[in-house]
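In: coords below, sequence missing:
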């Protein structure tokens, strides 16, 4: 349930930015992670965790994880969406259950590739079915290669983070999932400040006026950042860290497909339409693949549960 709830929360990421169209993608990313970082810092101080002595290696790991899962991942994603078709980006990013499962199986030395092959193939087929009707809408291919590269880098970054984060939590039983979420969030604030300074100094089209007038656009932006940073980032990370203690990495990788499914559901509700036949069929294939993967994935050893 922790993993499914995390995917449900992350599904909001697909629709919240659509209510913030007056602000650039970089401003949305900055606002999200400033909220996430400040919230984490507040929790860190309120729980007197600053009095605890965390080794430098823990802080460096938190900085590394936050960089990969925020700055690098989202920069590549924004560039991919700008230089290639969003539908193609969605397809590439949505195969993360496959890459997470395969990479996790390799890291955990399970070599259970045969058991993962069929459900992974079904997931890929389902994603193709969902995205196929939109391929003909691609009109410009001048920056296609650069956008595709950004999509794959985003996918690889997220896959590495999911596997490495789960491995770290299981190898560090004294680190509670709430504490780790907070430390990563505080580290994210460091990167958000650097991101903000860079945006102000090097962003030629940065408009201060948008932040000085309390209109409906600014209210939507602030509310959206609160949801993205507080609910999607911190609460989502907390739920996923909990799930990482219960589940094998390969199974957790399969379950990330529900982020795409919940995202599609929220998009249909937001756009007030029903899914066409191709998307409805593709979602059915994805669900079947996940349930098959759950049965095919064996629990290799008892996991640390907290």
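Out: Received it, and whenever you're ready, just let me know what you need. Since the structure is predicted, the reported quantities are computational estimates derived from the model, not experimental observations.

In: need the helix or strand of this protein with the lowest average pLDDT.
Out: helix 86-94 (a mean of 69; mean pLDDT, DSSP states H and E).

In: mind listing what's buried in the very next helix or strand once past that helix?
Out: With elements assigned by DSSP states H and E, the helix or strand that comes after helix 86-94 is helix 96-107. By neighbour count with 16 or more other C-beta atoms under 10 Å, helix 96-107 contains the buried residues 96, 97, 98, 99, 100, 101, 102, 103, 104, 105. Just so you know, the C-beta spots here come from the backbone N, C-alpha and C atoms, and that holds for glycine as well.

In: Return the list of helices and strands in contact with the helix or strand that comes right after helix 96-107.
Out: Downstream of helix 96-107, the next assigned helix or strand under DSSP H and E is helix 113-131. The helices and strands touching helix 113-131, judged by 3 or more C-beta pairs under 8 Å, 6 or more residues apart in numbering; DSSP states H and E, are helix 86-94, helix 96-107, helix 249-255, helix 257-271, helix 277-296.

In: Can you give the distance of helix 113-131 from its chain's centre?
Out: Mean-position distance between helix 113-131 and its chain equals 20 Å (C-alpha atoms, centre = their mean, to the nearest Å).

In: got the angle between that helix and helix 277-296?
Out: 170 degrees (axes from the mean of the first three to the mean of the last three C-alpha atoms, to 10 degrees).

In: Give me the mean pLDDT for helix 113-131.
Out: Averaged over helix 113-131, pLDDT sits at 75.

In: Let me know the angle separating that helix from helix 96-107.
Out: Going by the same axes, to 10 degrees, helix 113-131 makes 160 degrees with helix 96-107.

In: Just the buried residues of the helix or strand following helix 113-131, please?
Out: Next in sequence after helix 113-131, counting helices and strands by DSSP H and E, comes helix 144-171. Residues 147-148, 150-166, 168-170 are the ones in helix 144-171 that count as buried (16+ other C-beta under 10 Å).

In: do stretch 225-241 as well
Out: Neighbour-count burial for stretch 225-241 [16+ other C-beta under 10 Å]: 225, 227-241.

In: among those residues, which one has the lowest pLDDT?
Out: Of all of the buried residues of stretch 225-241, residue 241 carries the lowest confidence score, 80.

In: Nearest to residue 77 among the buried residues of helix 96-107?
Out: Nearest to residue 77, judged by C-beta to C-beta, of these is residue 96 at 11.9 Å.

In: count of neighbours near the closest residue to residue 263 other than its chain neighbours?
Out: Leaving aside its sequence neighbours, residue 263 sits nearest to residue 14 (C-beta to C-beta, 6 or more residues apart in numbering; 3.8 Å). When neighbours are defined as other C-beta atoms under 10 Å, residue 14 has 18 of them.

In: what pLDDT does residue 14 get?
Out: 79.

In: Thought residue 266 was touching it, still the case?
Out: Yes. Contact status for residue 14 versus residue 266: in contact at 6.0 Å, counting by C-beta atoms under 8 Å.
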